[in-house]
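A.B. asks: just need the structure, nothing else, for what follows:
(2 chains)
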Number of protein chains: 2
Amino acid sequence: METQTPLKVVLLGCGVVGSQVAAGLLSENSHLAARIGAPIELTDIVVRDVNEITDPQIPKELLTTDANKAVDNADIVIELFGGIEPARTLILRALNNGASVITANKALLANHGPELYQAAANAGVDLQFEASVGGAIPIIRPIRDSLAGDHVQRILGIVNGTTNFVLEKMATEGLELSQAVKVAQDLGYAEADPSADVDGVDAAAKAAILASLAFHTRVGIDDVATEGIGAVTPEDLAWAKHTHKVLKLLAIAERTPAGLSVRVHPALISRDHPLAAVRGAFNAVFIDAQAAGPLMFYGQGAGGVATSSAVLGDFVAAARHMVQGGKVTGESTYARLPVLSAGASRSRFQIRLVVADQPGVLQQVAGLLADNQVSIASVNQHPIRGDKWPDGAANLVITTHTATESALEHVLRDLRALEPVREVLSVLRVIGDENG
Amino acid sequence: METQTPLKVVLLGCGVVGSQVAAGLLSENSHLAARIGAPIELTDIVVRDVNEITDPQIPKELLTTDANKAVDNADIVIELFGGIEPARTLILRALNNGASVITANKALLANHGPELYQAAANAGVDLQFEASVGGAIPIIRPIRDSLAGDHVQRILGIVNGTTNFVLEKMATEGLELSQAVKVAQDLGYAEADPSADVDGVDAAAKAAILASLAFHTRVGIDDVATEGIGAVTPEDLAWAKHTHKVLKLLAIAERTPAGLSVRVHPALISRDHPLAAVRGAFNAVFIDAQAAGPLMFYGQGAGGVATSSAVLGDFVAAARHMVQGGKVTGESTYARLPVLSAGASRSRFQIRLVVADQPGVLQQVAGLLADNQVSIASVNQHPIRGDKWPDGAANLVITTHTATESALEHVLRDLRALEPVREVLSVLRVIGDENG
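C.D. replies: From the prediction side, this is the model:
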């Protein structure tokens, strides 16, 4: 990369998400610069009290309490203070200065979004906020850009992981709301004061943001009819289960003949609906669009590390706009990883075979795998009845630990040559656990 | 909108997707122009033979066979010919002319992607290809932009709806592969020659595109170790079911210590994995990223209307780049739909109440709902045992058809005043069927 003046980045806030974003900007500096096409420099991290920050990943010399000075020196400002002020004033200051802004501040966007969007448009700079809804899940960009040529009909979102966890605990363990909230607090999923989650206020802010984007209409948090989970009882959940439904707190925005309906409330959903499978503290947003049909986006809705992914994605996008004017030309191939040959790929395997039903066969087969450095995870043997094997035979199903394709080829060659092996019925790879 | 020269758009191809894109560009012209900020004009639809196009939505006067002339006159070219030539030559011609290009051509990208990306970068124009993988599902943009500040570790994709449908038919109905393929053909899910799907070639092209984007490495279709579903037997599926697994054809790209492994093969997945629930001809892409953690994107992977959503989204993005330089400033509120009051929102409702266990109660309750114009979908009544109601009582669970919140409030007010009603236990909204 040629020598260029670095893009100066200022971070407002150094809490759960902010400290992870700072760590990312520092440790991934060259990776981010490669994606942007220009060097970047984190110049200031604005905090209320520099002595409160004890995270060893955060260099002390970057900490400052002088927000105005830091913002006035920035090309890009990342706002993670949360709350209305001073976030609103500082974002407007940055935009008016011509800096691009990234924010995860759902309350601010749901209350003062239009003012901020207008300021960004006037200044001709970016205002990006992927992390404001759904944490790590890319949902703002798909709605804003990917569905830009379509018409969204309805959005159903599980956008508050705390209440999703609480409702699941109530359903699976028969707990009262207060007991389930206590469990969530003990696990760090709920705040000491859980009311913003339980009362649906957090979900309502996200509903307002999603509705604004999807329907090109100003929707503030006051437009959202909001009912939390405070009145939900274990009996509600028991009856839901009895009727093959699940109960979820949903953020809903839908186009109706009379206008836009935006609301948050607990809702019974059929167990077959894709949203019904969204477990624990996960989030998901289900969208019905006129042409695209049903779409769902699923992932971690909170957490410092996960949310930092969305913030840094926005940061790269805004920085690219400054450097390259936002043109999109396909993949950039700077990483140039070696691509493995087919034989070097690793999987777990399930081998089904027919063997003679006689003593010692399992020992022979196990020895053969060991000789090829393939380790067995599980074995299932059961006799076969029927005419095909008049001398008696058994089905043997072997699941291996992770092995290379080459090693497996050797195993199969040797198995086929082994006297008691009558037939190798199938070889299938197993995905999704044990890193396999 | 002020008077401006329209952006000239040329469509290459008028097949299943192309005809839907043409219809969208024509019928949604003012909507698209509002999102772009400039008027647009579909100037030419290039086809092999103008007499082959009989769709009444397609104006005859736009049809032409002169591809070069059309392309040379375009600001934006949408390539939906498919296949390598003449698509490759025409796209390069358009890019070199300074036109932006949208394509859904997976085979071309998987074989000649780097050449096209480079040509777009040299010309400083957009090359967008959201529809090349996962049909309507926004997956290219999330990987390219939203995860730009993260590190993708692994991608697992169900990216071929035909084979997903076939494997499900084999699993649920015990069919042989050839029988299940026949069913898919009869339903229009499989081509007359199903080999590109069954042999995994279609999935391999998509794996190459996803791997290139996610790992910033040139991956062509020849780098993908490909095994289709040709050897899968009903016994494989029966055994998978027996062991609480499902069998899916997966496109896999993963970072390993030794390099990048990119492959397509049938794989056994635990029934608990989010991909296991992807049914029928749907597609889904599951991504593990270092910071974001697990993410999943789900939707329709094929079909002319669904795929046109992705093409038109790309078109709006590329056109915006031309008009506005790609800056992103939040929502645009040109639609300004009326936002309904809380009382005007419509849902289905489930009301649980305790009533006296005496004749005629159900009739009274039903009459009360009818008086409030709320229609009953189902009723469940069962007696309550226990000390709380010494005179006997019954639980009554009523599910309504769609009704407004206001109507429901009136119902609840009247229910609470009704003599045999002892207690209204809960009111919950029901979502996800009957448009409720």
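A.B. asks: can you give me the domain assignment for chain A?
C.D. replies: Domain ranges of chain A: A:7-135+A:306-324, A:140-301, A:342-430, per automatic domain parsing.
A.B. asks: mind putting those into TSV with distance to B:Ile384, mean pLDDT and mean neighbour count?
C.D. replies: Bear in mind the C-beta positions are built from the backbone N, C-alpha and C, glycine included. Below are the domains of chain A laid out as TSV (distance: least, C-beta to C-beta, whole Å; pLDDT from 0 to 100; neighbours: other C-beta atoms under 10 Å in any protein chain shown):
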stretch	distance to B:Ile384	mean pLDDT	mean neighbour count
domain A:7-135+A:306-324	42	95	21
domain A:140-301	11	95	21
domain A:342-430	48	93	16
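A.B. asks: and B:Thr54, which of these is closest to it?
C.D. replies: Among the domains of chain A, domain A:140-301 comes nearest to B:Thr54, with 22.1 Å by C-beta to C-beta.
A.B. asks: ignoring the adjacent residues along the chain, who's closest to the residue of the stretch 101-250 of chain A found nearest chain B?
C.D. replies: Proximity of the stretch 101-250 of chain A to chain B (C-beta to the nearest C-beta) peaks at A:Gly149, 2.5 Å away. The shortest distance from A:Gly149 to any non-neighbouring residue, by C-beta to C-beta, 6 or more residues apart in numbering or on different chains, is to B:Leu312 (2.5 Å).
A.B. asks: against A:Ile40, how distant is the one you found?
C.D. replies: 34 Å (C-beta to C-beta, to the nearest Å).
A.B. asks: cool, A:Thr400 as well?
C.D. replies: Noted for A:Thr400: a distance of 45 Å to A:Ile40, by C-beta to C-beta.
A.B. asks: repeat that for A:Gly15.
C.D. replies: Taking C-beta to C-beta, one finds A:Gly15 at 22 Å from A:Ile40.
A.B. asks: state which helix of chain A is the longest.
C.D. replies: With residue count as the measure and DSSP state H as the assignment, chain A has helix A:304-324 as its longest helix.
A.B. asks: which secondary structure elements does it contact?
C.D. replies: Packing partners of helix A:304-324 (3 or more C-beta pairs under 8 Å, 6 or more residues apart in numbering or on different chains; DSSP states H and E): strand A:7-12, helix A:16-27, helix A:29-36, strand A:76-79, strand A:100-103, strand A:127-128.
A.B. asks: how about these in CSV, adding distance to B:Gly161?
C.D. replies: What follows is the helices and strands packed on helix A:304-324, written out as CSV (distance: least, C-beta to C-beta, whole Å):
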stretch, distance to B:Gly161
strand A:7-12, 42
helix A:16-27, 36
helix A:29-36, 32
strand A:76-79, 39
strand A:100-103, 36
strand A:127-128, 33
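A.B. asks: determine which of those approaches A:Lys245 most closely.
C.D. replies: Short answer: helix A:16-27, nearest of those by C-beta to C-beta, at 34.0 Å.
A.B. asks: which residues outside the closest one are in contact with it?
C.D. replies: A:9, A:11-12, A:14, A:32, A:40, A:42, A:45, A:53, A:55, A:57-59, A:62, A:78, A:80, A:104, A:131, A:303-305, A:307-308, A:311-312, A:315, B:149, B:291 (C-beta atoms under 8 Å, 6 or more residues apart in numbering or on different chains).
A.B. asks: A:Glu227 against A:Ala203, yeah?
C.D. replies: No: at 10.1 Å, A:Glu227 and A:Ala203 do not qualify as touching, with contact defined as C-beta atoms under 8 Å.
A.B. asks: overlap in contacts, these two.
C.D. replies: Contact with both A:Glu227 and A:Ala203 is made by residues A:Val264, according to C-beta under 8 Å, 6+ apart.
A.B. asks: ok, now which ones touch A:Val316?
C.D. replies: Contacts for A:Val316 (C-beta under 8 Å, 6+ apart) come out as A:32, A:35-36, B:145, B:148-149.
A.B. asks: let's see it at 7 Å
C.D. replies: Shown in contact with A:Val316 (C-beta atoms under 7 Å, 6 or more residues apart in numbering or on different chains): A:32, A:35-36, B:148-149.
A.B. asks: pull the most distant pair out of those residues.
C.D. replies: Top of the distance list for the contacts of A:Val316 (C-beta to C-beta): A:Ile36 and B:Gly149, 9.6 Å.
A.B. asks: partners of the residue nearest the centre of chain A in the sheet?
C.D. replies: Centroid check for chain A by C-alpha atoms, centre = their mean gives A:Gly299 as the closest residue, at 3.1 Å. For A:Gly299, the beta-bridge partners are A:Asn283, B:Leu295 (DSSP bridges).
A.B. asks: that one and A:Pro138 touch, don't they?
C.D. replies: No: A:Gly299 is beyond contact range of A:Pro138, at 8.2 Å (criterion: C-beta atoms under 7 Å).
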